[in-house]
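Student: Using only what follows, build the 3D model:
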Amino acid sequence: MLHSQRVMTNFGRKPRIHSGVDVIRHSMVSLERYIPPTLYRRLFIKRIARHPLAIEGFEFRPVQSLFELEEALRLVNDSYARRGISTVCRAGMRFSAFHLLPGTTTFVAIKDQQIVGTVSLIEDSMLGLPLEEVHGNEVVMQRLAGGRLAEVGTLAVAAGYRGKGVPLMLYNAMFRWAMHFRGVQRLLIAVHPRAGAFYRNVLFFSPMGRVQPYTKLNNALSLPLCLDLGNAPAIFQQAYQRPALGFAVEGQRTHFFDFFCRSDYAHIRLPATGSVRRWDAQEVLTHMARCGVHGRNLSPRVQRALALA
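Tutor: Numbers count the residues shown, from 1 in each chain. The predicted model follows:
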């Protein structure tokens, strides 16, 4: 059984005030725009090449039960609290209708029977996408361009497992799932400007709007980005298929084109059918109760999306 990662010692901890600090950091990070993308990629690969990705004993896969989903959400809430963009609530997790939708897949990294990392792929639906709350116009423009949209969200890694390649392996699983199983054509993501250079220069996301404050996350700054998955393999091949940009995974030399687009890893386990775990009405109601949410607090649209009406 997976061990609980409750963080009740942090219950009620107030978030740091982000607005002023973020503006200063955003100004400093803007200096990264002067680093040429090619040099930025070489420096990043050089950094991760110093140590092979430590994924022995890990398992990366979609959640298989409500218990696993809730453990992942608790990890997200704890991570957000440490970063000062949220408080830890009594349940240790916050209710999110998006994570219960039929088109959402929550991935987890499991080590020693504990969930130590998570990321979610939230496909476009009747509820839209989470980042629309801040970047609504940008999402509308992406819809008008046609194609299947999905948002990457709620990336979190437990404190003792950072710097071990967990986010890269989670992204590997998520990218493959989106491209090969779910037919997603464009990935959207909202990141802090501090992370913008990594997503632009390493993963080839493109900016699709201006930085805005994310009200629900203590006014943390949010930069909207988009990745065209149809063109991504060719872009990765052109940028990374060269010896100087190699690194090791499980003792084998690779580069980001092979890593994301060609090589298979036994630690990543995706359902062969491509089907998403669907939560029945009883599971949804159970999760709502654990989060302290009553059905009357949900709009009719959310109730319909969750098959509660």
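Student: Now do the contacts for the residue nearest to Leu131 when sequence neighbours are not counted.
Tutor: Using Cβ to Cβ, 6 or more residues apart in numbering and skipping the chain neighbours, the partner closest in space to Leu131 is Ala190 (4.2 Å). (Each C-beta comes from the backbone N, C-alpha and C, glycine too.) Residues in contact with Ala190 (Cβ atoms under 8 Å, 6 or more residues apart in numbering) are Pro130, Leu131, Val134, His135, Glu151, Gly153, Tyr214, Ser222, Leu223, Pro224, Leu225.
Student: wait, is Ala190 part of a helix?
Tutor: No. Per DSSP: H, G, I helix; E, B strand; the rest coil, Ala190 lies outside any helix segment and is strand.
Student: In three-state terms, label Val108 for me.
Tutor: Three-state assignment for Val108 (three-state DSSP): strand.
Student: Now the longest helix along the chain: buried residues?
Tutor: Counting residues, the longest helix found in the chain (DSSP state H) is helix 66-82. Using 16 or more other Cβ atoms under 10 Å as the test for burial, helix 66-82 gives 66, 68-82.
Student: Show the secondary-structure elements that it is packed against.
Tutor: strand 104-111, strand 114-123, strand 149-157, helix 281-290 (3 or more Cβ pairs under 8 Å, 6 or more residues apart in numbering; DSSP states H and E).
Student: OK, contacts around the nearest residue to Gly251 once chain neighbours are set aside?
Tutor: Closest residue in space to Gly251, ignoring its immediate chain neighbours: Pro52 at 6.6 Å, by Cβ to Cβ, 6+ apart. Contacts for Pro52 (Cβ under 8 Å, 6+ apart) come out as Phe247, Ala248, Val249, Glu250, Gly251.
Student: in the protein, which spans are helices?
Tutor: Using DSSP H, helices in the chain cover 19-29, 37-49, 66-82, 132-144, 166-176, 193-201, 232-240, 256-257, 281-290, 300-305.
Student: In terms of mean pLDDT, which of the ones you listed ranks lowest?
Tutor: Note on these: helix 19-29 shows the lowest mean pLDDT, a mean of 50.
Student: Look at the closest residue to Tyr80 other than its chain neighbours and say how many residues are nearby.
Tutor: By the measure of Cβ to Cβ, 6+ apart, the closest residue to Tyr80 outside its immediate chain neighbours is Ser86, 3.8 Å from it. By the criterion of other Cβ atoms under 10 Å, Ser86 has 20 neighbours.
Student: same thing with Arg296?
Tutor: Neighbour count for Arg296, taken as other Cβ under 10 Å: 6.
Student: State the distance from it to Gly117.
Tutor: 35 Å (Cβ to Cβ, to the nearest Å).
Student: What residues does Thr106 make contact with?
Tutor: Contacts here follow Cβ under 8 Å, 6+ apart; on that basis Thr106 touches Pro62, Val63, Leu69, Ala72, His99, Thr118, Val119, Ser120, Thr154.
Student: How about it: which residues does it bridge to?
Tutor: Ser120 (DSSP bridges).
Student: Out of the contacts of Pro52, which comes closest to Arg269?
Tutor: Glu250 (15.1 Å; Cβ to Cβ).
Student: ok, that closest one - contacts?
Tutor: So, once contact is read as Cβ under 8 Å, 6+ apart, Glu250 ends up touching Pro52, Leu53, Ile55, Glu56, Tyr265.
Student: if I look at the third one, how far off is Met169?
Tutor: Distance of Ile55 to Met169, given as Cβ to Cβ: 6 Å.
Student: Touching both of those two, which residues are there?
Tutor: Contact criterion Cβ under 8 Å, 6+ apart; residues shared by Ile55 and Met169: Tyr265, His267.
Student: For the two, indicate the residue with more neighbours.
Tutor: More crowded of Ile55 and Met169, by other Cβ under 10 Å: Met169, with 24 against 21.
Student: I'd guessed that one sits against Leu53; true?
Tutor: Yes. Met169 lies in contact with Leu53 (Cβ atoms under 8 Å); the separation is 7.0 Å.
Student: List the buried residues for stretch 108-123?
Tutor: Buried residues in stretch 108-123 (16+ other Cβ under 10 Å): 108-111, 114-123.
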